[in-house]
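Trainee: build me a structure from this.
(2 chains)
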2 protein chains.
Amino acid sequence: MNILTQMNYSKRVGALRRRMGGLGATGLVITHLPDVRWLCGFTGSSAALAVTRRAVRLFTDGRYTAQAAEEVKTAKVEIVPSAPAVAAVQWLAVQVGETGTVGFDSAQTTVAELERWKTALPAKLRRKLLTPVKSAVEPLRWFKDEDELAIMAEAAKLGDDLFTHLLGFIQPGLAESAVAAELEYQARMRGAEGMSFESIVAAGARSALPHGRASEARLPRRGFLTLDFGVILKGYCSDMTRTVSLGKPTAREREVYEAVLEAQESAVAAVAAGAECGAVDEAARSVLRRAGMAEAFSHSTGHGVGIEIHEGPRIGARQKDKLAPGMVITIEPGVYFAGEFGVRIEDMVVVTREGGQVLTHSPKALIEL
Amino acid sequence: MNILTQMNYSKRVGALRRRMGGLGATGLVITHLPDVRWLCGFTGSSAALAVTRRAVRLFTDGRYTAQAAEEVKTAKVEIVPSAPAVAAVQWLAVQVGETGTVGFDSAQTTVAELERWKTALPAKLRRKLLTPVKSAVEPLRWFKDEDELAIMAEAAKLGDDLFTHLLGFIQPGLAESAVAAELEYQARMRGAEGMSFESIVAAGARSALPHGRASEARLPRRGFLTLDFGVILKGYCSDMTRTVSLGKPTAREREVYEAVLEAQESAVAAVAAGAECGAVDEAARSVLRRAGMAEAFSHSTGHGVGIEIHEGPRIGARQKDKLAPGMVITIEPGVYFAGEFGVRIEDMVVVTREGGQVLTHSPKALIEL
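Mentor: Got it, this is the predicted structure:
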């Protein structure tokens, strides 16, 4: 845990406090674990963070006494016997006083959890203290600082290295699950804490499934193979997709591949500070529309990525959010012909003042294996 | 998908309908994906299931058209452009009519999601239609049917086989993460879809961390090594823990190990249809109390397991839930001495009319490697 990182935690809490003012909350309870981690560095599985204008306090349970002491330097740690979030809300109620309000993230708090918090408060505070705030922290996480960008570049590089390794490993007759096993083994051995989502290894007609998790099916001698995977490195996710050809592609396969590649490159080129997310999506979609493949492109062009594999902003049709420096997004158009084949190509891209900087460097020209 | 399994889906929906009567709901919207899977077999990542007294309908999006048709036989499938849960609520509103109520699971629905559903309804229905129901489906999932028990026995057996493999693989100097890599590689190659949680491989003083995820630390020549892992097989989780000794244990280590083993066996022996969960916890806890280790046993004795790694019932102090045939629970007492070492031993146990039937068969006498 270096000093720079600790400084970042203080900066992040500062950004959150400025946001709290606008949200009309004098305190905030944060229970979504990626938010907690981003704000104070704690990586345990049971925690709530309480933030006021003056104080930051992490509540966790006895299993994490040693770990919290090691990881958390910018918040006071309180070990509680159970239900850290209830303890955090009760503490906040005292801190903000009778005129204050405690914001909670309505997108991360269940109806039952909110009821539980209310029940734990004195009757007179129950009605007015807690106020819903939608996504209090997540939009702040869209903007990665230099430490985060360095880790994410490293995670993307590990993804590239793993793809290169797989090119030498893949052969007809292997089960998709054996490819996934090798991928995940190599990821672990090269320092990944795990995979950022269930690896997609989808060959032949299965490449037409946008979410074709590795199955027991064997790789055919001929056909497309889609590999979509990511690692978790130092808490941050990578995400990339390449589609390769087992054997020689047909003219139709090559035509579709080239259309998707053109769409993907067009969307990457559209990444710029100030660009609307919907315009980046349209840059990919218009290429596929002209190629007569609009219907087969059945999902959005991409999404933000960071501590979570899916963060904002969403790169989809008509999305009004504007890209800004420090955001890391995926660009991943794909087309799918059920029962036949599919193609998807995906890069991770950082938004900079000069445009999009691609983090994933694996080749995109069609590879024949 | 065999006929027996399809019959089970109908039985499960039947059990849910009987429960709905008692909950005062004429319709139910189910969004928690493990619940959806349990009720109709769908394994995609975007879905909502709507259940009325007469009909069952699965809402999902265009990415899952082919998959839903293949997996779901006992519910009508409707493909919607976005937000399956909103579509499900709107459909239910029509089905139950102006006098009906639609239950939603308050433990699985966020405050923001509920607002979104309300906004999508006609104004006159907004106030009265939706009614919170806590854990509508999960308690039904506590009871495993024969198909589920067969899969879970198979998953536990795979866990045992992996543990046996690791005994031949582990040696001083290996990184904990290399042990995890081998474990996860072998799991995949032997048919697991993935791991049921982040593998715990914690050696030496790290064995004193109850949640010591595999790190870059090297295995020492001497000291305890805790392995806590599970696979996902056909959608069901296994869970087991063994603590082994690298080199010869000290007298103190052996004493602690024997105490934990006695506590674990005492709790397993206490598993019986009709037994209170708190009594099973106490069977383990009282042994460790007598050994002067009550403080060091800092968590509950166990939990239910199934489609999710953590389900009910909770096997903790003073828990009043009663065990019943078909439940599958873990029994996993542990003691932890910060900076020194820890020991945990865990089995999966099925509750039967004749008592507890242990699914994990790996030896529990202290192994020296």
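Trainee: quick check: next helix or strand after the strand or helix carrying A:Gly312?
Mentor: A:Gly312 is located in strand A:311-315, with elements delineated by DSSP states H and E. Using DSSP H and E, the helix or strand that follows strand A:311-315 in sequence is strand A:328-331.
Trainee: what distance separates that following strand from the middle of the whole chain?
Mentor: On the basis of CA atoms, centre = their mean, to the nearest Å, the separation between the geometric centre of strand A:328-331 and that of its chain is 9 Å.
Trainee: what pLDDT, on average, does it get?
Mentor: If you average the pLDDT over strand A:328-331, you get 98.
Trainee: list the neighbouring strands of the following helix or strand past it plus their orientation.
Mentor: Following the chain from strand A:328-331 toward its C-terminal end, the next helix or strand by DSSP H and E is strand A:334-337. Strand pairing for strand A:334-337, determined by DSSP bridges: strand A:341-344 (antiparallel).
Trainee: so which elements touch the next helix or strand after the partner strand?
Mentor: Following strand A:341-344 in sequence order, the next helix or strand is strand A:347-352 (DSSP H and E). The criterion is 3 or more CB pairs under 8 Å, 6 or more residues apart in numbering or on different chains; DSSP states H and E, and the helices and strands that strand A:347-352 contacts are helix A:146-169, helix A:251-270, strand A:328-331, strand A:355-358. For glycine as for every other residue, the C-beta is placed from the backbone atoms N, C-alpha and C.
Trainee: and the second one with strand A:311-315, angle?
Mentor: For helix A:251-270 against strand A:311-315, the angle by axes from the mean of the first three to the mean of the last three CA atoms, to 10 degrees is 110 degrees.
Trainee: in the stretch 251-369 of chain A, where is pLDDT below threshold?
Mentor: Confidence mapping of the stretch 251-369 of chain A against pLDDT under 70 gives zero matching residues.
Trainee: burial of the residue of it found nearest chain B, as a residue count?
Mentor: Nearest to chain B in the stretch 251-369 of chain A, going by CB to the nearest CB, is A:Ser298, at a distance of 4.7 Å. A total of 15 residues lie near A:Ser298 under the criterion other CB atoms under 10 Å in any protein chain shown.
Trainee: confirm that it sits in a helix.
Mentor: No - secondary structure assignment places A:Ser298 outside any helix; it is coil (DSSP: H, G, I helix; E, B strand; the rest coil).
Trainee: might you report the residue contacts of it?
Mentor: Residues in contact with A:Ser298, defined by CB atoms under 8 Å, 6 or more residues apart in numbering or on different chains, are A:210, A:336, B:62-63.
Trainee: need phi/psi at it.
Mentor: Reported as degrees, to the nearest 10, the phi and psi values for A:Ser298 are phi -100, psi 20.
Trainee: so which strand or helix has the residue sitting furthest away from the middle of chain A?
Mentor: Ranking residues of chain A by C-alpha distance from their mean position (CA atoms, centre = their mean) puts A:Lys124 at the top, at 40.0 Å. Using DSSP H and E, A:Lys124 sits in helix A:123-126.
Trainee: residues making contact with the helix or strand just after that helix?
Mentor: If you walk from helix A:123-126 toward the C-terminus, the next helix or strand you reach (DSSP H and E) is strand A:130-133. In this structure, residues lying in contact with strand A:130-133 by CB under 8 Å, 6+ apart are A:23-25, A:28, A:89, A:101-106, A:109, A:114, A:117-118, A:121, B:111-112.
Trainee: just the CA trace of strand A:130-133, in CSV.
Mentor: As requested, the backbone C-alpha atoms of strand A:130-133 are provided in CSV (Å, rounded to 0.1, in the frame of the first residue of the first chain):
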residue,chain,number,x,y,z
LEU,A,130,-32.8,8.1,5.7
THR,A,131,-33.0,9.5,2.3
PRO,A,132,-32.5,7.6,-1.0
VAL,A,133,-29.6,8.6,-3.3
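Trainee: which SSE is immediately downstream of it?
Mentor: Per DSSP H and E, the first helix or strand lying C-terminal to strand A:130-133 is helix A:138-141.
Trainee: which neighbouring elements make contact with that following helix?
Mentor: In terms of contact count using 3+ CB pairs under 8 Å, 6+ apart, helix A:138-141 is assigned the packing partners helix A:3-23, helix A:33-40, strand A:311-315.
Trainee: ok, and what's touching the helix or strand just after the first one?
Mentor: Past helix A:3-23, heading to the C-terminal end, the next element that is a helix or strand (DSSP H and E) is strand A:27-30. When contacts are defined by CB under 8 Å, 6+ apart, strand A:27-30 is touched by residues A:16, A:20, A:36, A:39, A:48-52, A:85, A:88-89, A:92, A:95-96, A:100-105, A:117, A:133, A:136-137.
Trainee: sheet partners, orientation included, of strand A:27-30?
Mentor: With DSSP bridges as the test, strand A:27-30 is paired with strand A:47-52 (antiparallel), strand A:102-105 (parallel).
Trainee: beta partners of A:Ile200?
Mentor: In this structure, A:Ile200 bridges to A:Arg213, A:Asp228 when assessed by DSSP bridges.
Trainee: count of residues packed around it?
Mentor: Neighbouring residues of A:Ile200 were enumerated by other CB under 10 Å; the total is 21.
Trainee: report pLDDT for it.
Mentor: pLDDT for A:Ile200: 96.
Trainee: how far away is it from A:Arg344?
Mentor: The gap separating A:Ile200 from A:Arg344 is 9 Å, by CB to CB, to the nearest Å.
Trainee: now do the shared contacts for those two.
Mentor: Here A:Ile200 and A:Arg344 share the contacting residues A:226, A:228, A:241, scored by CB under 8 Å, 6+ apart.
Trainee: residues contacting the residue lying closest to A:Glu154 once chain neighbours are set aside?
Mentor: Distance criterion CB to CB, 6 or more residues apart in numbering or on different chains; nearest residue to A:Glu154, sequence neighbours excluded, is A:Leu233 at 5.9 Å. Contacts for A:Leu233 (CB under 8 Å, 6+ apart) come out as A:151, A:154-155, A:158, A:191-193.
Trainee: tell me the contacts of the closest residue to A:Ser82 other than its chain neighbours?
Mentor: With CB to CB, 6+ apart as the measure, A:Asp61 is the residue that lies nearest to A:Ser82, at 6.6 Å, once sequence neighbours are left out. A:Asp61 makes contacts with A:46, A:79-82, A:84, as judged by CB under 8 Å, 6+ apart.
Trainee: if we go to 10 Å?
Mentor: For A:Asp61, the residues meeting the contact criterion (CB atoms under 10 Å, 6 or more residues apart in numbering or on different chains) are A:44-47, A:68, A:79-84, A:87, B:298-299.
Trainee: tell me how far A:Glu368 lies from A:Glu346.
Mentor: Applying CB to CB, one obtains 20 Å for the distance of A:Glu368 from A:Glu346.
Trainee: what helices or strands is the strand holding A:Gly312 leaning on?
Mentor: Under the contact criterion of 3 or more CB pairs under 10 Å, 6 or more residues apart in numbering or on different chains; DSSP states H and E, strand A:311-315 touches helix A:138-141, helix A:277-290, strand A:302-304, strand A:328-331.
Trainee: of all these, which one is nearest A:Arg318?
Mentor: helix A:277-290 (4.8 Å; CB to CB).
Trainee: before we move on, the earlier item: okay, and the beta partners of the residue nearest to A:Glu154?
Mentor: A:Tyr236.
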